[in-house]
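> Here is a sequence together with a model predicted from it:
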Amino acid sequence: MKIKNLCHDVAELRLIKISNDKTQTLDEFILSQQHLQRSLTDNLSEFSVNIHNAVRAACDVIVDEFLKANSIVADHKMTFMERASLRSECRKLTKFLKLTDFLVVDTLHDMAIVSVSEAVTSVRNPPEVNPTIMFTEEEVKSSQNEITVGVAKKAPCLLSLEVDFSDSGVVTLTPSQHRIKAGIESVIFQSLKVIGIPERVFSHEELQVYIMEDTDEQEDQTREEVPVQDIINQDELFTQTNESIFDNLANAFNEVVNYSEVFSPFKETYFANKDEVSSLLDKYQGTIDIDMYKADIKRYKDQVDSFNTIPFVADVGIFTVHSDTLKANLMPSPVQMMLALKKLLPELMKQSSEALLNIMGDIVPIVTGIPSTVEDFVKKKKVVEESQNELESYKSNQKHIEEMASLMDEMKWPIPDDEKAHLNMISSEMLTLENGIEIAQGKEEEDAIRFSQDVEAEIPKLNKDIQFLKER
């Protein structure tokens with residue numbers, strides 16, 4: 001009965017224990033199994049000692065009773081019949097040891113099978129996997145604190161994963177399926193080493209004196225000396241159950257791989273933005289298309305809203321898939337693009353303003369100036385004509401700059417003080433230019449008559465100079 005009770009207690013132990021309290025990382029899972037194995041080592045070591053003590057005590061009692069019943073004491077020369085009776089008793093003890101050994105091995109075997117069978121269940125996804133997605137940390141905390149009366153709280157997932165992008169843009173899951181499989185294989189391997197701690201009863205050194213060898217049973221005896229872990233490891237049911245763990249694991253991991261496709265659109269946008277942010281200045285070099293600029297602003301604003309829908313964390317079957325770090329890395333992408341557009345617009349405005357003001361600085365003094373020589377008059381006449389032809393283009397540039405300022409107001413982006421000053425200067429210069437052209441055109445005939453007289457007065461002098469040069 002004592003041996004049966006000892007075996008019953010050991011049968012309740014497990015080689016692998018799955019936490020029902022929280023989702024673990026792979027490293028946490030392996031560490032918890034190592035703690036379990038240390039505890040199992042202590043329990044099985046104690047079990048081994050207790051079993052051997054119980055068996056030895058039972059054998060001692062039987063032998064003592066036999067000796068007492070036959071009045072056999074030390075130095076007593078046994079008769080043939082007494083030796084025959086003793087051999088008969090030893091055969092009974094041998095069968096008892098075999099039975100006990102079988103009971104112990106069977107108990108450890110069943111414990112191993114039940115352990116891996118429970119592990120199979122733990123790594124099996126439900127029939128239908130519908131990811132439970134949360135988008136913010138606040139949503140996660142709210143879910144953890146939520147209690148619904150009459151509804152059992154959802155059991156935590158088995159393991160947690162991290163999803164991210166590699167530098168080449170490939171979606172990665174950490175730890176990988178290979179590493180998870182290797183970790184669980186290591187746990188099972190170490191557990192089998194622990195289960196081999198109890199020494200086989202039939203091969204225990206101190207119990208050999210009770211064994212009556214029988215040449216007909218040598219093969220059985222050899223089998224009864226095989227370590228328990230080897231027996232279990234070669235067991236077909238254990239092997240099949242073990243394989244089922246990894247089949248279920250592969251199926252569960254594939255569900256996560258399928259789920260991770262939800263990040264692909266964000267990945268494409270992220271890398272497109274990464275390439276585009278460095279080329280924005282080239283894209284909008286020169287006179288920018290305001291409608292295109294507005295379209296880009298809208299596109300990136302929509303991206304900000306879209307990127308808010310990137311999952312923060314999701315329960316996918318037996319895995320909790322964390323994407324909070326990925327989300328934090330991706331989120332700045334559309335925001336960065338918006339900031340780039342915000343920073344670029346006043347720079348483009350400055351380029352256009354300074355270019356127009358440089359033109360105004362060159363032509364306005366000439367158009368509004370009073371020519372004092374024929375050369376000045378000819379130059380002014382040419383600049384006035386060119387300015388008149390380009391006036392609409394100048395006005396278009398002015399309007400374009402004003403549209404950039406309006407867009408900044410619309411977006412509530414501050415207009416730099418220098419650009420406000422440039423706007424006022426452009427308005428003033430354009431007004432001066434228009435008035436100057438109108439005045440210059442009105443006085444052109446008068447100036448032409450005045451300077452033609454000057455030219456006629458200079459002709460005799462020029463002729464005289466020419467004659468002088470000829471004579472020399």
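Arrived safely, thanks for sending. Worth saying up front: this structure is predicted, and the values here are computed from it rather than measured. Numbering: from 1, shown residues only.
> Please count neighbours and contacts with C-alpha atoms only from this point.
OK.
> got the contact list for the nearest residue in space to Ile113 that is not next to it in sequence?
Excluding its sequence neighbours, the residue lying closest to Ile113 (Cα to Cα, 6 or more residues apart in numbering) is Phe238, at 5.8 Å. Residues near Phe238 by Cα atoms under 8 Å, 6 or more residues apart in numbering: 112-113, 116, 232.
> how close does Asp9 sit to Phe47?
9 Å (Cα to Cα, to the nearest Å).
> Find the nearest non-adjacent residue to Val49, please.
For Val49, the spatially nearest residue (Cα to Cα, 6+ apart) is Pro198, at 8.0 Å.
> and the one you found, what is it in contact with?
44-45, 47-49.
> hang on, Asn20 in a helix?
No - applying DSSP: H, G, I helix; E, B strand; the rest coil, one finds Asn20 to be coil, outside a helix.
> circling back to that earlier point, now the residue nearest to Val49, what's its secondary structure?
Local secondary structure at Pro198 is given as coil here, using three-state DSSP.
> pLDDT value on it, please?
Model confidence at Pro198, expressed as pLDDT, equals 82.
> cool, Val384 as well?
On the pLDDT scale, Val384 is placed at 85.
> Distance-wise, check it relative to Ser406.
The gap separating Val384 from Ser406 is 31 Å, by Cα to Cα.
> quick one, which of those two is more surrounded?
Remark: of Val384 and Ser406, Val384 carries more neighbours, 25 against 14, as counted by other Cα atoms under 10 Å.
> how near is the nearest residue to Val120 once chain neighbours are set aside to Ile180?
The shortest distance from Val120 to any residue that is not its chain neighbour, by Cα to Cα, 6+ apart, is 4.7 Å, and that residue is Ile245. With distances defined as Cα to Cα, the gap from Ile245 to Ile180 amounts to 11 Å.
> ok so, going back, more neighbours, Asp9 and Phe47?
Phe47 (20 against 12).
> mind listing what that one touches?
Contact analysis of Phe47 by Cα under 8 Å, 6+ apart lists 6, 10, 198.
> Closest one of those to His322?
The shortest approach to His322 among these belongs to Val10, at 38.2 Å (Cα to Cα).
> Am I right that the closest one is in a strand?
No - applying three-state DSSP, one finds Val10 to be helix, outside a strand.
> contacting residues for it?
With contacts defined as Cα under 8 Å, 6+ apart, the neighbours of Val10 are 43-44, 47, 107-108, 111.
> Same question for Asp230.
Asp230 makes no contacts at all, as judged by Cα under 8 Å, 6+ apart.
> From Ile195, how far out is it?
Distance of Asp230 to Ile195, given as Cα to Cα: 10 Å.
> now do Lys380
When distances are taken as Cα to Cα, Lys380 and Ile195 turn out to be 106 Å apart.
> quick one, strands of the stretch 251-400 of the chain?
Listed from the start of the chain, the stretch 251-400 of the chain has strands (DSSP state E, counting those that start in this stretch) covering 313-316, 319-322.
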